[in-house]
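Undergrad: Here is the input, now give the coordinates:
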Amino acid sequence: MDRPAWAPPGVDLERPSTARIYDYMLGGLHNFAVDRQMAEQVLAVGPQIRLAAHANRGFLRRAVEFLAGTGIRQFLDLGSGIPTVGNVHEAAHHVAPDAKVVYVDVDPVAVAHSLAIVEGDERVTVVRADIRDPETILKDPRVTGALDFTQPVAVLIVAVLHFVPDSDDPAGIVAKLRDAIVPGSYIAISQVATFPYELSPEEQAVADRYTRANAVALRTREQIATFFDGLELVEPGLVDPAKWRADGDITEMVPSFAGVGRKP
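TA: Next up is the predicted model:
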C-alpha cells in the first residue's frame, strides 16, 4: 500500500484503528482501506452506530460553541480521538479565535494523526495520556503550559466514559477533574446508556459482540447523572446527544445521554 502524504510516519496502514474507524463513520478523510472495511462490517450489523457517532459529534460541536459563547477560552478534550470532522478547535475558533485547546488521548495512533492535523497552530496542543490518570494530565507541563487553571476551563469528556469500567471509578475521575477547575468552569459529558427496551435476539447478539470487543460499560441515565454531582446542569439538562440544543431528533440509534455542567 502506498503511504498517503498526510499519514504520520510510524502509523501502521495495515492495522485498523478505532480512532480512524470513528473518523470514517463521521465522514472524515483520515482513515485507510483497512479502517473502512472494519467499519462497514460493524455497520452491517449495527447501522445505528453511525447515527450515534454523528449525534455525539454534533453535541460536541454545539457544546463547544455554547461554551465559547459564554466566555470560555480554554478547552481540555479528554479521549479526543482524531480531531477531524466537527473538531473542538475549529468550533471554538469559529466563536473565539484566541481560544486554547488541549487534545488528550491514550491511543498513539490518534495522537500521531492529531499532531499532523494541528501542526503549526500554536493555539492547539496534543498530549498522549490516559483519562484514568487525571492527576498526571493536570500536572503535565504541556497541559499547564497551554491552560491556566486559575481561570475557567471547559473539560470535554464526550463518548469516552463508557470505555472506563466501574472498577476504574469513572465518577471519581470526573470528581478529580471537577475539583481541579475553578468556579465558572464547565464539564461536558456524553455516555452510551443501557437499552430502555428488551432487545430482539439479533439486536442482543450485536450489542454483546460490540460490548465485548470494545469493553463498553453501559450505564443507566441515573448512573450517568451522578457524573454531574457538584455541578449545575445547564439547559436542557441530561438528554439524548441529538437533542442537546439542537433542532429535530435522530431516532433508531444507540441510546445515550449528554449534558453540560457548570461548577458553581
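
Undergrad: How are the strands of the stretch 1-150 of the chain distributed by residue range?
TA: For the stretch 1-150 of the chain, the strands defined by DSSP state E, counting those that start in this stretch occupy 74-78, 100-105, 124-128.

Undergrad: Can you give me the separation between residue 169 and residue 220?
TA: The spacing between residue 169 and residue 220, counted by Cβ to Cβ, to the nearest Å, is 17 Å. Quick note: C-beta positions are derived from backbone N, CA and C, even for glycine.

Undergrad: Please pull out the lowest mean pLDDT helix or strand from the protein.
TA: Taking mean pLDDT, DSSP states H and E as the measure, the chain has helix 201-214 as its least confident helix or strand, at a mean of 54.

Undergrad: after that one, next one along is what?
TA: On the C-terminal side of helix 201-214, the nearest following helix or strand under DSSP states H and E is helix 221-225.

Undergrad: From start to finish, how long is stretch 76-87 in a straight line?
TA: Start-to-end span of stretch 76-87 (Cα to Cα, to the nearest Å) is 13 Å.

Undergrad: doesn't residue 190 make contact with residue 260?
TA: No - with contact defined as Cβ atoms under 8 Å, residue 260 does not count as touching residue 190 (9.8 Å).

Undergrad: Now distance to residue 164, mean pLDDT and mean neighbour count too, for the strands of the stretch 1-150 of the chain, in CSV please.
TA: Below are the strands of the stretch 1-150 of the chain laid out as CSV (distance: least, Cβ to Cβ, whole Å; pLDDT from 0 to 100; neighbours: other Cβ atoms under 10 Å):
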stretch, distance to residue 164, mean pLDDT, mean neighbour count
strand 74-78, 10, 98, 26
strand 100-105, 14, 97, 25
strand 124-128, 17, 97, 22
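
Undergrad: do you know which of those strands lies nearest residue 37?
TA: Nearest to residue 37, of all those, is strand 100-105, at 23.0 Å by Cβ to Cβ.

Undergrad: Tell me which strands the closest one pairs with, and in which orientation.
TA: Here strand 100-105 has these sheet partners by DSSP bridges: strand 74-78 (parallel), strand 124-128 (parallel).

Undergrad: Reformat those as CSV; add distance to residue 19.
TA: Formatted as CSV, the strands paired with strand 100-105 follow (distance: least, Cβ to Cβ, whole Å):
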stretch, distance to residue 19
strand 74-78, 13
strand 124-128, 12
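
Undergrad: Now do the helices in the chain.
TA: Assigned by DSSP state H, the chain shows helices spanning 18-25, 33-45, 48-69, 88-95, 108-118, 134-139, 141-146, 170-180, 201-214, 221-225.

Undergrad: Burial-wise, tell me which of those helices comes out on top.
TA: helix 18-25 (a mean of 24; mean count of other Cβ atoms under 10 Å).

Undergrad: got the angle between that one and helix 108-118?
TA: Counting by axes from the mean of the first three to the mean of the last three Cα atoms, to 10 degrees, helix 18-25 points 60 degrees away from the direction of helix 108-118.

Undergrad: in the stretch 51-200 of the chain, which segments are predicted with low confidence?
TA: 195-200 (pLDDT under 70).

Undergrad: Wait, residue 190 touches residue 58, no?
TA: No - judged on Cβ under 8 Å, residue 190 makes no contact with residue 58 at a distance of 10.4 Å.
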